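K.L.:
Kindly generate the corresponding structure for this input.
(chains A and B)
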Amino acid sequence: ETGVTQTPRHLVMGMTNKKSLKCEQHLGHNAMYWYKQSAKKPLELMFVYNFKEQTENNSVPSRFSPECPNSSHLFLHLHTLQPEDSALYLCASSPWTSGDPKNIQYFGAGTRLSVL
Amino acid sequence: AQSVSQHNHHVILSEAASLELGCNYSYGGTVNLFWYVQYPGQHLQLLLKYFSGDPLVKGIKGFEAEFIKSKFSFNLRKPSVQWSDTAEYFCAVKAGSYQLTFGKGTKLSVIP
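P.N.:
Predicted coordinates for the structure are as follows:
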């Protein structure tokens, strides 16, 4: 158990559905991240939040919409997804987002998303 | 931009065999290096890290890694693997103002 909890663990949705992924961290961290993990590809950083403010958006399509209401919670709202969006979506948190090497990220177990 | 290359996609070993997983990165300045492990169905967890000092770092579960600056490498090693080491291993680099960058991962299958 890392202190980063993601729900649901599995999600199947149609291309016209709207769903949300949730991430909660109990580590007292101030930074939170969304990653996409696809087979045979490196983890792709999607979004970074620091103290509830989005500090990075890695050219992610607008059908993915993040929300960070406070430093402990992070959501990823999904709408009109495509089959190629099927992947494991990982949430992570860290004390902050600076270049300090001791700023280690802790990961949740992920949500396995299948888009039909 | 920085990048990370892991040489092997899938490695299959028998128990008690020695392991070495390759990792090379591209960045000319100071780097911080990590190996993460993802056991089947579980979260990514930190195996070991290098920030500075002794280039040979020891992590959990008997793993170690050596930072060779001249080769831009940070290879992961274990003298004798166990079936429970079956997992996917990710090398990651943090440098400068860049965010943490991961390699594609190497799947390790250990046969009893």
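
K.L.:
Tell me, please, the helix or strand in chain A that averages the lowest pLDDT.
P.N.:
The weakest-scoring helix or strand in chain A, judged by mean pLDDT, DSSP states H and E, is strand A:53-57 (a mean of 87).

K.L.:
Not counting its own residues, what contacts that strand?
P.N.:
For strand A:53-57, contacts defined as CB atoms under 8 Å, 6 or more residues apart in numbering or on different chains pick out A:L45, A:M46, A:F47, A:V48, A:Y49, A:P66, A:C68, A:T97, B:Q99. All C-beta atoms are positioned from the backbone trio N, CA, C, and that covers glycine.

K.L.:
so how far is stretch A:83-90 off the chain centroid?
P.N.:
For stretch A:83-90, the gap between its own C-alpha mean and the chain's C-alpha mean amounts to 11 Å (CA atoms, centre = their mean, to the nearest Å).

K.L.:
For it, buried residues please.
P.N.:
A:D85, A:S86, A:A87, A:L88, A:Y89, A:L90 (16 or more other CB atoms under 10 Å in any protein chain shown).

K.L.:
which of these are close to chain B?
P.N.:
Counting by CB under 8 Å from any CB of the partner chain, A:L90 from the buried residues of stretch A:83-90 sit close to chain B.

K.L.:
Next, format the buried residues of stretch A:83-90 as a markdown table and append pLDDT.
P.N.:
Formatted as a markdown table, these follow (pLDDT from 0 to 100):
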| residue | pLDDT |
| --- | --- |
| A:D85 | 95 |
| A:S86 | 96 |
| A:A87 | 96 |
| A:L88 | 95 |
| A:Y89 | 97 |
| A:L90 | 96 |
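
K.L.:
What about the buried residues of stretch A:83-90, which are in helices?
P.N.:
Using DSSP state H, no member of the buried residues of stretch A:83-90 falls within helices.

K.L.:
Looking at the buried residues of stretch A:83-90, spot the one nearest chain B.
P.N.:
Set against chain B, the nearest of these by CB to the nearest CB is A:L90 (6.8 Å).

K.L.:
now that closest one, which residues is it bridged with?
P.N.:
As for beta bridges, A:L90 partners with A:Y35 under DSSP bridges.

K.L.:
distance of the closest residue to A:A109 other than its chain neighbours from A:N30?
P.N.:
Among residues not flanking A:A109 along the chain, B:H43 sits closest, at 4.2 Å (CB to CB, 6 or more residues apart in numbering or on different chains). To A:N30, B:H43 is 20 Å away according to CB to CB, to the nearest Å.

K.L.:
Compare the two (neighbour count), which wins?
P.N.:
Set B:H43 next to A:N30 and count neighbours by other CB atoms under 10 Å in any protein chain shown: B:H43 wins out with 21 against 17.

K.L.:
What parts of chain A come near chain B?
P.N.:
Neighbours of chain B within chain A, by CB under 8 Å from any CB: A:2, A:4, A:40-43, A:45, A:48, A:56, A:90, A:92, A:97, A:99, A:101-102, A:104-110.

K.L.:
give me the low-pLDDT residue ranges for chain B?
P.N.:
B:1 (pLDDT under 70).

K.L.:
show me what contacts B:E88?
P.N.:
B:E88 touches B:V37, B:Q38, B:G105, B:T106, B:K107, B:L108, counting by CB under 8 Å, 6+ apart.
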